[in-house]
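S.K.: Sequence first, predicted model second:
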Amino acid sequence: MSLVEFLPVPLPSTTNTQRLSGFGKEVRGVDIANITLEEFSIIEKVLYEHDFLLFRGVTMSPEQLYRIVKLFHPGTESHGHGKEKFEGKVEDDEKSPFFGIRKIPAVPQVLLIGNGTVREHEGISEAVLRHPSHKTFHRTRISDEDEAAGYTRFYHWHMDAALYDFNPPKVTGLYAIKVPQGPSQTVRYDDGSGDELPVSLGTTAFARGATMFDVLPKELKSVAVRSKVKYAPHPFHWMQPARAMSNALTLETEGLETPYDKLPSWTEDKVQTLPMLWKNPITGGLHLEIAGTAAAEIIIDALPDDKVRESAMYPDGAHLKDLREVRELIVQLMRPGIAPSLIYPHAWKERDFILFHNRGVNHSVVGSFKEDQVRVYHQCNLAPPEPPIGPDVEDIKKWA
Ligand SMILES: [Fe+2]
C-alpha cells in the first residue's frame, strides 16, 4: 500500500479556525477511483473523524464512484432517494430541488447534476441541467441588481435524505467534472442579522453538525438531546408549494404545504421520526442533524428526574405540532451553527472528488450561474438498512 497522507483542508479567512479545527482532510497518496479494501478501512475511519475528505485531480468513472460510495453502504443498492426518482425528468416542476437531475443510465445510483446543456455524456444524449436557485424556492429574492453585483444566498440547508421510506445515506460522493470559473459571490443571510459570507462561484457550503451542537447554549443542548423530529410523508412533495426562509434553514409558515390527503399514497410505517442528534460511529460525538424544511413535528422527552428544572426549556417534555412553533425551535437550534465563521465553503476545482459524512454535516448549494456557465458533477449516495443512531443513556445524562 502506498503511503496515505492526510493534510488539513485550508479554511478561508472567514472561519473560526478553533471551532472548525479538525474539520476535513485532503487525502493524498491514494488512488481513490481504484481504492483497495485495506485503504478503504483507513479512509472510512478518517472520514467519520473529520467529516469531509477532499481528493484533487481525480479521474473517476460513474462505476468507480458507485463502488467507493457502496463500500460505505454495504447491504444496499438503492440511491438515497430510492429507485423511482430521477427517471428521465421526473421532477418537472422547477420549484423542485431535483429539477432536471438525471440518472447515469449504466449506473442509475449516480446522478448527473449541474448547470447548462450537456451533450453526449455517459449515455445521455442531451441534458438541460439547472443549478438550484433561491429564486425558485425562497419567499423573498435578491433583486436582479444585487445579484448582478454578486449577492446570492444559501439555497437549502439539508442532509441528503428522502426522509420517507429510505434511511439517510451515511456518505455522499461528489465529483466535479466541469467547474465554471467566475467572480466570487457574497452570501447574504437576509434574516435580520446582517450576516454575509464571501464565497467562490458555485461553492457548496458545509456546516459541521458536531460544531452546530457544540456552540449551542446549555438549555438548547438539553432540548436537542431529548428531541426527535417527525418528518412529513413524502416531504419534498409536501414542501413543494411552500417557500423557504431567506437563510434557507426551513420554510416560512403560510399554510402552503400540500395537505397530507393530497400527497401521493403514503403509509405511517414509512414516515420517519429521527433523533435531532446523530451519533458519530467513530468519535461517539453528537451531530445536530435536522432537515428543517421537511420537519412536521417535534417530540421532546421530559427532563430526567435528577436534572435541575430551573431555566430548562420544555422540562415536562412536549409534542410540537404547530408548524410555526416547530420551525421557530429549529431556527433557534440551527441558526447559531450556520454563522459565517462556522461555514466551510468549498472552492471547487475541476476533478475534485469529495466524500462527506452526510450524517455528520449539513450542507447547501450556493450561488447562481448563467445559462452558458456549464457545470457538470456526478453525485452518489445510498440508503442503507440502518437508521442513524441517536444519543445514548450517557449522552442524556451529560447533556439533558
Ligand atoms: Fe445535497
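M.R.: That came in fine, so what should we check first?

S.K.: C-alpha from now on. contacts and neighbour counts both.
M.R.: Will do.

S.K.: And for the longest helix anywhere in the chain, what's in contact with it?
M.R.: Counting residues, the longest helix found in the chain (DSSP state H) is helix 37-50. Residues from elsewhere that reach helix 37-50, judged by CA atoms under 8 Å, 6 or more residues apart in numbering: 1, 22-25, 30, 53, 71-72, 280-283, 355-357, 360.

S.K.: can you rerun that using 7 Å?
M.R.: Identification of contacts with helix 37-50 by CA atoms under 7 Å, 6 or more residues apart in numbering yields 22, 23, 24, 25, 53, 280, 282, 283, 357.

S.K.: Now do the helices in this protein.
M.R.: 37-50, 62-72, 144-148, 209-214, 218-226, 235-239, 323-334, 393-399.

S.K.: For the fifth one, which residues meet the burial criterion?
M.R.: Applying a neighbour-count criterion of 16 or more other CA atoms under 10 Å, one finds 218, 220, 221, 222, 223, 224, 225, 226 buried in helix 218-226.

S.K.: now, which of those residues sits nearest residue 238?
M.R.: Taking CA to CA as the measure, residue 238 sits nearest to residue 224 out of the buried residues of helix 218-226, at 24.6 Å.

S.K.: any idea how far residue 17 is from residue 30?
M.R.: 27 Å (CA to CA, to the nearest Å).

S.K.: Looking at the contacts of helix 37-50, which is nearest residue 61?
M.R.: Of those, the one sitting nearest to residue 61 (CA to CA) turns out to be residue 53, at 18.5 Å.

S.K.: residues contacting that closest one?
M.R.: With contacts taken as CA under 7 Å, 6+ apart, residue 53 has the following neighbours: 24, 25, 26, 27, 47, 354, 355, 356.

S.K.: of these, buried ones?
M.R.: Buried, going by 16+ other CA under 10 Å: 24, 25, 26, 27, 47, 354, 355, 356, out of these.

S.K.: residue contacts, the residue nearest to residue 164 when sequence neighbours are not counted?
M.R.: On the basis of CA to CA, 6 or more residues apart in numbering, the spatially nearest residue to residue 164 that is not a chain neighbour turns out to be residue 271, at 5.2 Å. For residue 271, the contact set (CA under 7 Å, 6+ apart) comprises 164, 165, 231, 232, 233.

S.K.: Phi first, then psi, for the fourth one.
M.R.: Here the main-chain torsion angles of residue 232 (degrees, to the nearest 10) amount to phi -70, psi 150.

S.K.: Which pLDDT value goes with it?
M.R.: Residue 232 carries a pLDDT score of 98 in this model.

S.K.: what's around it, how many residues?
M.R.: When neighbours are defined as other CA atoms under 10 Å, residue 232 has 21 of them.

S.K.: need the contact list for the residue nearest to it when sequence neighbours are not counted.
M.R.: Distances taken as CA to CA, 6+ apart put residue 296 closest to residue 232, at 5.3 Å, once the chain neighbours are dropped. Residues near residue 296 by CA under 7 Å, 6+ apart: 230, 231, 232, 321, 323.

S.K.: what do you get if the cut-off is 6 Å, keeping everything else the same?
M.R.: Counting by CA atoms under 6 Å, 6 or more residues apart in numbering, residue 296 touches 230, 231, 232.

S.K.: cool, residue 190 as well?
M.R.: residue 246.

S.K.: Renumber starting at 20 from here on
M.R.: Done: numbering now begins at 20, and the last item shifts to residue 209.

S.K.: Per-residue pLDDT of it, please?
M.R.: Confidence at residue 209, expressed as pLDDT, is 98.

S.K.: again with residue 238
M.R.: 97.

S.K.: Look up the residues forming beta bridges with the closest residue in space to residue 194 that isn't next to it in sequence.
M.R.: Spatial nearest neighbour of residue 194, excluding adjacent residues (CA to CA, 6+ apart): residue 372 at 4.4 Å. Residue 372 forms beta bridges with residue 74, residue 194, as assigned by DSSP bridges.

S.K.: Domains in this structure, by residue range?
M.R.: Following automatic domain parsing, one finds the domains of the chain at 24-229+358-400, 236-354+409-418.

S.K.: Of the ones you listed, which shows the lowest average pLDDT?
M.R.: Looking at the domains of the chain, the weakest mean confidence is domain 24-229+358-400, a mean of 94.

S.K.: Kindly check the end-to-end length of that one for me.
M.R.: Note: domain 24-229+358-400 ends 25 Å apart using CA to CA.

S.K.: likewise stretch 58-78?
M.R.: In stretch 58-78, first residue to last residue: 18 Å (CA to CA).

S.K.: now, which of the contacts of residue 290 lie within strands?
M.R.: In strands, judged by DSSP state E, the following of those are found: residue 250.

S.K.: Switch the contacts of residue 290 over to CSV; also include distance to residue 27.
M.R.: Below are the contacts of residue 290 laid out as CSV (distance: CA to CA, whole Å):
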residue, distance to residue 27
183, 36
184, 37
250, 36
251, 38
252, 40
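
S.K.: Which of the contacts of residue 290 are buried? Put it as a ChimeraX command.
M.R.: Only the buried entries of those go into this ChimeraX selection, using 16+ other CA under 10 Å:
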select :183,184,250,251,252
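
S.K.: Check the gap between the residue nearest to residue 362 when sequence neighbours are not counted and residue 164 for me.
M.R.: With sequence-adjacent residues excluded and distances taken as CA to CA, 6+ apart, residue 362 is closest to residue 226, at 5.1 Å. Remark: distance between residue 226 and residue 164 (CA to CA) = 29 Å.

S.K.: cool, residue 249 as well?
M.R.: Using CA to CA, one gets 40 Å for the distance from residue 249 to residue 164.

S.K.: quick one: which of those two has more around it?
M.R.: A count of neighbours by other CA under 10 Å puts residue 249 above the other of residue 249 and residue 164, at 21 against 9.

S.K.: So that one sits against residue 316, correct?
M.R.: Yes: shown here, residue 249 and residue 316 form a contact pair, counting by CA atoms under 6 Å, at 5.0 Å.

S.K.: Next, name the residue at the spatial heart of the chain.
M.R.: In the chain, the C-alpha nearest the mean C-alpha coordinate belongs to residue 178, at 2.7 Å (CA atoms, centre = their mean).
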